[in-house]
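Participant: dropping a prediction and its sequence here:
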Amino acid sequence: QVQLVESGGGLVQAGGSLRLSCAASGRTFSRSAMGWFRQAPGKEREFVAAVGQNTNYADSVKGRFTISRDNAKNTVYLQMNSLKPEDTAIYYCAATASSFIVNIRARNTYNYWGQGTQVTVSS
């Protein structure tokens, strides 16, 4: 049974940093794409960052967030710096079943999802 478990969320002041982790189990994802999405209240879930053969970022987080992965630990990370109140959301980790990726930013590219971790940025 595949599981993705996020951790590292919390409450932080604007300008602060958080590091999210997503630990995968049940299969290896070393050849898969892994990504982060977020969903704010009343909004759709949106792409944040992903790592496959390359890294890919939403314009809103480029230069502030960094995605990385440790294949030995089957874990993906999201380092978030210079956080803003508009970054407040539930952050979800996701992974693909295949190494063949058409659109790494699309939600329907991903087969596995975590339960999410809350990130709240106060002003």
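Facilitator: Structure's in. What do you need? Numbers count the residues shown, from 1 in each chain.
Participant: got the contact list for the residue most central in space within the chain?
Facilitator: Central residue of the chain (C-alpha atoms, centre = their mean): residue 36, 1.9 Å from the mean position. With contacts defined as C-beta atoms under 8 Å, 6 or more residues apart in numbering, residue 36 is in contact with 20, 22, 48-50, 67, 76, 78, 91-94. From N, CA and C alone the C-beta is placed, and that goes for glycine too.
Participant: apply 7 Å and report the result again.
Facilitator: By C-beta atoms under 7 Å, 6 or more residues apart in numbering, residue 36 lies in contact with 48-49, 67, 78, 91, 93.
Participant: can you pull the contacts of the residue nearest to it when sequence neighbours are not counted?
Facilitator: Excluding its sequence neighbours, the residue lying closest to residue 36 (C-beta to C-beta, 6 or more residues apart in numbering) is residue 48, at 4.3 Å. Shown in contact with residue 48 (C-beta under 7 Å, 6+ apart): 36-38, 58, 61, 65.
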